[in-house]
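> sequence unknown, structure follows:
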């Protein structure tokens with residue numbers, strides 16, 4: 001009998017029985033762990049005896065969070081890291097070297113774009129940006145030094161959807177890795193492995209934390225990829241096989257860059273996972289109601305949410321995300337001034353920069369997240385001065401609609 005997401009999350013067993021039979025995983029806030037003997041300690045450092053040795057490399061509370069993510073996503077291996085950005089950077093660094101390139105969607109979250117276009121480029125790693133909704137354009141950019149295709153399952157804040165099956169087919173044709181940032185589409189609605197995604201990166205700060213309690217990220221290896229096809233990992237495959245990617249991550253970039261998730265963060269993320277399905281369904285229901293309300297309002301000049309029937313990406317939303325492509329919508333007013341006036345008159349919806357919090361949050365991406373980019377670049381990324389991004393929380397939809405309706409009255 002198939003069990004629900006919430007039931008499965010609540011009943012993932014601990015890696016080891018707790019000495020006090022605790023029902024919730026204790027927070028192991030410690031740096032180091034003692035070994036029974038010098039020989040066992042030496043065996044651990046040789047990779048022959050799995051054990052926690054130092055919390056920068058592994059921790060019991062973090063391990064349990066990883067195991068819950070593995071159980072809930074069906075991933076082959078999971079690594080928890082300090083943030084979503086750490087998940088992206090560790091993944092790309094682990095599969096590429098100087099002189100390599102990756103192909104990426106051109107409509108990315110601002111900091112992801114900056115990481116690929118500026119930070120990593122300084123170290124000889126090229127990113128070739130392209131509209132991943134046009135799969136034929138992706139294929140044109142591939143050469144012998146291409147190592148991966150990277151995309152967001154739902155772009156932020158443009159809310160565009162690429163056809164993942166087409167990207168997967170291209171990746172298979174050229175023996176490339178397919179990496180998806182699935183932050184906006186959590187595992188209650190998205191199964192990357194079934195759609196041909198090899199690696200998922202995710203900011204668990206968002207849907208999984210839920211209450212905005214902690215920063216975190218995860219890297220999911222779905223076990224789909226033959227690592228001998230990547231020249232940077234080929235030499236490790238004889239020893240590690242399907243675990244090659246995770247072995248390289250843990251023994252190199254993750255360990256050496258200090259990207260560990262803390263035990264307290266893992267504790268918050270574990271609690272968030274157990275409530276994820278309930279929170280998501282509530283937010284999704286409200287998101288749909290707000291989308292329908294805003295679509296009809298005369299002062300709203302445009303609205304984007306792929307979960308609404310009539311959206312250009314609705315069919316993909318149904319195929320890839322069970323018709324529930326996250327809980328974020330964007331809408332436009334007549335001017336930037338109107339956006340600011342509207343936002344300043346909101347009483348319940350918070351002006352803040354996180355996503356998928358329990359509280360509904362709104363932001364004006366043009367003047368905040370993307371403000372470091374030139375006006376030309378922002379327009380090329382489809383960032384508009386008249387658009388706002390609304391992350392819908394778990395408040396009652398009727399209360400949110402009332403707040404929006406009153407704030408819209410302030411616009412002359």
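Sure thing, it's come through. Since we're looking at a predicted model, the values are computed, not measured.

> shaky segments in the stretch 1-150 of the chain?
Along the stretch 1-150 of the chain, the model assigns pLDDT under 70 to residues 1-2.

> tell me the strands in it, going along the chain?
Secondary structure of the stretch 1-150 of the chain, counting by DSSP state E, counting those that start in this stretch: strands at 77-81, 101-105, 126-130, 146-152.

> residue 306 against residue 162, yeah?
No: look at residue 306 against residue 162 with C-beta atoms under 8 Å: they stay out of range, at 11.5 Å. C-beta here means a position set from N, CA and C on the backbone, and glycine is covered the same way.

> now render the strands of the stretch 1-150 of the chain as JSON lines, adding distance to residue 231.
Shown next, in JSON lines, are these (distance: least, C-beta to C-beta, whole Å):
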{"stretch": "strand 77-81", "distance to residue 231": "21"}
{"stretch": "strand 101-105", "distance to residue 231": "13"}
{"stretch": "strand 126-130", "distance to residue 231": "16"}
{"stretch": "strand 146-152", "distance to residue 231": "8"}
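
> my read: residue 369 touches residue 354, true?
No: taking contacts as C-beta under 8 Å, residue 369 lies outside contact range of residue 354: 11.3 Å.

> between the two, which one's more packed in?
When residue 369 and residue 354 are compared on other C-beta atoms under 10 Å, the one with more neighbours turns out to be residue 369, at 18 against 15.

> what strand or helix carries the more buried one?
Applying DSSP states H and E as the criterion places residue 369 outside every helix and strand.

> so what's the closest residue to residue 222 other than its chain neighbours up against?
In space, residue 222 comes closest to residue 193 once its chain neighbours are excluded; the distance is 4.0 Å by C-beta to C-beta, 6 or more residues apart in numbering. When contacts are counted by C-beta atoms under 8 Å, 6 or more residues apart in numbering, residue 193 is found next to 73-75, 222-224.

> how does this protein divide into domains?
As recorded under automatic domain parsing, the domains making up the chain are 5-265, 277-408.

> turn those into TSV, including distance to residue 271.
Formatted as TSV, these follow (distance: least, C-beta to C-beta, whole Å):
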stretch	distance to residue 271
domain 5-265	8
domain 277-408	11
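
> follow-up on the earlier one: let me know the closest of the contacts of residue 193 to residue 297.
Within the contacts of residue 193, proximity to residue 297 (C-beta to C-beta) peaks at residue 73, which comes in at 37.8 Å.

> now the closest one: how far from residue 190?
Residue 73 sits 9 Å away from residue 190, taking C-beta to C-beta, to the nearest Å as the criterion.

> of those two, who's got more company?
Legend: neighbour count by other C-beta under 10 Å for residue 73 and residue 190, higher for residue 190 (25 against 21).

> ok, and the closest non-adjacent residue to residue 264?
Take residue 264 and drop its neighbours on the chain: the residue closest to it by C-beta to C-beta, 6+ apart is residue 27, 5.9 Å away.

> sorry, slip of the keys, the one I care about is residue 173.
residue 139 (8.0 Å).

> residue contacts, the one you found?
Applying C-beta under 8 Å, 6+ apart as the definition, the contact partners of residue 139 turn out to be 170, 173-174.

> among the residues you listed, which one has the most neighbours?
The member of these that has the most neighbours, counting by other C-beta under 10 Å, is residue 170 with 18 neighbours.

> heading C-terminal from the helix ranked longest in the chain, find the next helix or strand.
The residue-count maximum for a helix in the chain (DSSP state H) belongs to helix 263-296. Sequence order places strand 302-304 as the next helix or strand after helix 263-296, per DSSP H and E.

> quick one: strands adjacent to that following strand?
strand 328-332 (antiparallel) (DSSP bridges).

> quick one: the partner strand to helix 263-296, angle?
40 degrees (axes from the mean of the first three to the mean of the last three C-alpha atoms, to 10 degrees).

> having no further points to raise, I will conclude here.
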